[in-house]
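J.: For reference, the sequence and a predicted model appear below.
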Amino acid sequence: MTAQARNTRKLHILTHGCQMNVYDSARMADLLRPIGYETVEAPEGADMVILNTCHIRERAEEKVFSQLGRWRKLKEEQGGRMMIAVTGCVAQAEGEVLAKRAPFVDLVVGPQAYHRLPELIAAAHRKTGTVIDTDFPAEQKFDFLPDDAAPQGVVSFLSIQEGCDKFCSFCVVPYTRGAESSRPAASVVAEARRMVAGGAREIALLGQNVNAYHGEGPDGKIWGLARLVAELSDIAGLERIRYTTSHPNDMEDALIAAHGTNPKLMPFLHLPVQSGSDKILRAMNRKHDAAKFHRIVERLKAARPDIALSSDFIVGHPGETDEDFAATMKLVKETGFALAYSFKYSPRPGTPAAGLPQIEEAVKDARLYELQAELRRQQYAFNDSKLGQTLPVLFTGPGRHANQQAARSGYMQPVVVEHSTDLTGQICEVEIIQSNPNSLLGRLVDKEKRAA
Ligand code: 5AD
Ligand code: SF4
């Protein structure tokens, strides 16, 4: 056995929640690799397990405690030789509670402190009890991320912005992720280049408020998202660019225009609106009304007629009447969404709406049911609308069955294509011959016409 192999420790990371967490987990693995941690698929036999958590809704938190319960048993079976760390937004918001309710957890680290993980692990080895680091440091987290972050796959995620200053009445993000901060453009472009060199053809730019991006440009000026996207689209070999998640108020003119002029920008936008009632939008502190959302959608469609939208909705926010909910249904029907996520309002401790009189659970259930039925209908209709069309799709790898390749349309739809040879990384024209609720079946039209 070599010294290298003897020193290798096994690290298992389980990620809950958003793409931002998926990205952060990969960065934590990058950070710990140089000090001997190699990632493994299963927690059994691991020297360290990390649960990267999400705090956005109540049920997410309960999931954390049941997962930790399972790992506690495993830790006992391994004679205590397993360090358990909790990271992410539950760590940030509930650090002390977590340490009390799950004292077998060795380390609790908030999203602003990941760069300190190696020293925190050392501290946890020295100490009994839970080591907690949930400080918001004055320095920017982006300054500490390793510069040589590893490439991901054909579709890669790149974090460019963190945090949120918007303080929607229902949301914990401003408290758990802190104020908005943007990564310098040069660092984003450098990482994108490494991703493309490693095989990425599509990059999704991530941020809690990604279109509020205002990073320092190499020219010393502050760059908005439109400027950054323009720069990224000059990278040869990068074919597709997306960004998520956006706020309607940050859909600046240049970004809307870019959807019409930049063919690398995909015709699909996730733009959460949350409600169609102006009264509830005001109560939510969204600082936009339904008309403003409609105007943005119209302008996006004028710039890029084939653009499709996805969104987030909350039903049962305090104060929501039947009329308010009807306004949400009206907005949904008028807009038409290719995809949407909808949730029952769940009170999050410390947020303004949590202290208000709450809507009955049964009412929330009924509204969610009605909303989801309509959103599902729209999703199926959107998939059906692609039947018979020829679309460019990006091949991401072999399909589940032999002779099948997996691909993605520009609208994020999974597309299965019957084909025996591997086409990973290529963009080909495919005719859609079958539409399923969650995927499409396609036939390769012209193998010679590959865009990349
Ligand atoms: N209750 C229900 N849904 C919520 N979301 C955020 N906070 C809450 C909450 N307290 C939803 C919003 C947001 C998405 C990521 O999660 O719709 O856009
Ligand atoms: Fe939360 Fe998004 Fe509102 Fe920010 S803009 S507070 S992340 S819902």
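T.: Happy to help now that I have it. Just so it is clear, the structure is predicted and the values come from calculations on it, not from any experiment. Residues are numbered from 1 along each chain as shown. Ligands and ions are numbered 1, 2, ... in the order given.
J.: What does the residue of the stretch 351-452 of the chain at minimum distance from ligand 2 show for phi and psi?
T.: Relative to ligand 2, the nearest point of the stretch 351-452 of the chain is residue 351 (8.9 Å; C-beta to the nearest ligand atom). For every residue, glycine as well, the C-beta is placed using N, CA and C. Main-chain torsions, residue 351, degrees, to the nearest 10: phi -100, psi 150.
J.: Contacts only, for residue 206.
T.: Taking C-beta atoms under 8 Å, 6 or more residues apart in numbering as the criterion, residue 206 is in contact with 19-20, 23, 157-161, 243-244.
J.: re earlier: doesn't residue 173 make contact with the residue of the stretch 351-452 of the chain closest to ligand 2?
T.: No: here residue 351 does not reach residue 173: they are 9.7 Å apart, not a contact under C-beta atoms under 8 Å.
J.: I would like the residues contacting whichever strand or helix holds residue 406, please.
T.: According to DSSP states H and E, residue 406 maps onto strand 404-408. Strand 404-408 is contacted from outside by 155, 202, 393-400, 414-419, 422-424, 428, 430, 442, using C-beta under 8 Å, 6+ apart.
J.: Mark which of those residues are buried, thanks.
T.: Using 16 or more other C-beta atoms under 10 Å as the burial test, the contacts of strand 404-408 include 155, 202, 393-396, 398-399, 415-417, 419, 423-424, 428, 430, 442 as buried.
J.: Of the residues you listed, which ones also sit close to ligand 1?
T.: Counting by C-beta under 6 Å from any ligand atom, nothing from these sits close to ligand 1.
J.: Sitting in helices, which of those residues do you find?
T.: Among the buried ones among the contacts of strand 404-408, no member is found in helices (DSSP state H).
J.: where do the helices sit along the protein?
T.: Along the chain, the segments classed as helices by DSSP H run 3-7, 19-32, 58-77, 88-101, 117-126, 173-176, 185-197, 225-232, 253-261, 278-283, 290-303, 322-335, 361-385.
J.: want to try CSV for these, with distance to residue 435, mean pLDDT and mean neighbour count as columns?
T.: Below are these laid out as CSV (distance: least, C-beta to C-beta, whole Å; pLDDT from 0 to 100; neighbours: other C-beta atoms under 10 Å):
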stretch, distance to residue 435, mean pLDDT, mean neighbour count
helix 3-7, 50, 50, 8
helix 19-32, 26, 86, 20
helix 58-77, 31, 90, 15
helix 88-101, 36, 88, 20
helix 117-126, 45, 86, 15
helix 173-176, 35, 88, 21
helix 185-197, 31, 94, 19
helix 225-232, 30, 98, 22
helix 253-261, 25, 98, 17
helix 278-283, 34, 98, 19
helix 290-303, 22, 98, 17
helix 322-335, 21, 98, 17
helix 361-385, 4, 96, 16
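J.: Now tabulate these in CSV and tack on distance to residue 135.
T.: Output for these, formatted as CSV (distance: least, C-beta to C-beta, whole Å):
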stretch, distance to residue 135
helix 3-7, 30
helix 19-32, 17
helix 58-77, 21
helix 88-101, 10
helix 117-126, 11
helix 173-176, 13
helix 185-197, 23
helix 225-232, 29
helix 253-261, 33
helix 278-283, 32
helix 290-303, 37
helix 322-335, 39
helix 361-385, 36
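J.: so which of these gets nearest ligand 2?
T.: helix 173-176 (3.6 Å).
J.: quick one on the thing from earlier: mind giving me a markdown table with the helices of the chain and columns for distance to ligand 1?
T.: Formatted as a markdown table, the helices of the chain follow (distance: least, C-beta to the nearest ligand atom, whole Å):
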| stretch | distance to ligand 1 |
| --- | --- |
| helix 3-7 | 40 |
| helix 19-32 | 10 |
| helix 58-77 | 8 |
| helix 88-101 | 11 |
| helix 117-126 | 26 |
| helix 173-176 | 8 |
| helix 185-197 | 23 |
| helix 225-232 | 18 |
| helix 253-261 | 19 |
| helix 278-283 | 12 |
| helix 290-303 | 14 |
| helix 322-335 | 12 |
| helix 361-385 | 10 |
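J.: Now that you've got the contacts of residue 206, can you turn the buried subset into something I can paste into PyMOL?
T.: A single PyMOL command is used to select the members of the contacts of residue 206 judged buried by 16+ other C-beta under 10 Å:
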select buried, resi 20+23+157+158+159+160+161+243+244
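J.: who touches residue 41 in this structure?
T.: Residue 41 sits next to residue 12 when contact means C-beta under 8 Å, 6+ apart.
J.: Next, the buried residues of the strand holding residue 406.
T.: By neighbour count on 16+ other C-beta under 10 Å, the buried set for strand 404-408 is 405-408.
J.: which among these gets closest to ligand 1?
T.: Ranked by distance to ligand 1 (C-beta to the nearest ligand atom), the buried residues of strand 404-408 are led by residue 408 at 21.6 Å.
J.: Excluding chain neighbours, what is closest to the closest residue to ligand 2 within the stretch 251-400 of the chain?
T.: Minimum separation of the stretch 251-400 of the chain from ligand 2 (C-beta to the nearest ligand atom) falls at residue 272, amounting to 6.7 Å. Nearest residue to residue 272, sequence neighbours excluded (C-beta to C-beta, 6 or more residues apart in numbering): residue 312, at 3.7 Å.
J.: Mind listing the residues bridging to that neighbour?
T.: With DSSP bridges as the criterion, residue 312 is bridged to residue 341.
J.: For the remainder of this discussion, apply numbering that starts at 39.
T.: Okay, using 39 as the starting number, the last item reads as residue 350.
J.: wait, doesn't residue 305 sit right on residue 338?
T.: No: Residue 305 is beyond contact range of residue 338, at 9.3 Å (criterion: C-beta under 8 Å).
J.: Common neighbours of those two, please.
T.: Joint contacts of residue 305 and residue 338 (C-beta under 8 Å, 6+ apart) are 297, 345.
J.: distance of the closest residue in space to residue 80 that isn't next to it in sequence from ligand 2?
T.: With C-beta to C-beta, 6+ apart as the criterion, residue 80 has its nearest non-adjacent residue at 6.5 Å, and that residue is residue 50. Distance of residue 50 to ligand 2, computed by C-beta to the nearest ligand atom, to the nearest Å: 29 Å.
J.: tell me the contacts of residue 50?
T.: Contacts of residue 50 were listed using C-beta under 8 Å, 6+ apart, and they are 77-81, 84, 86-88.
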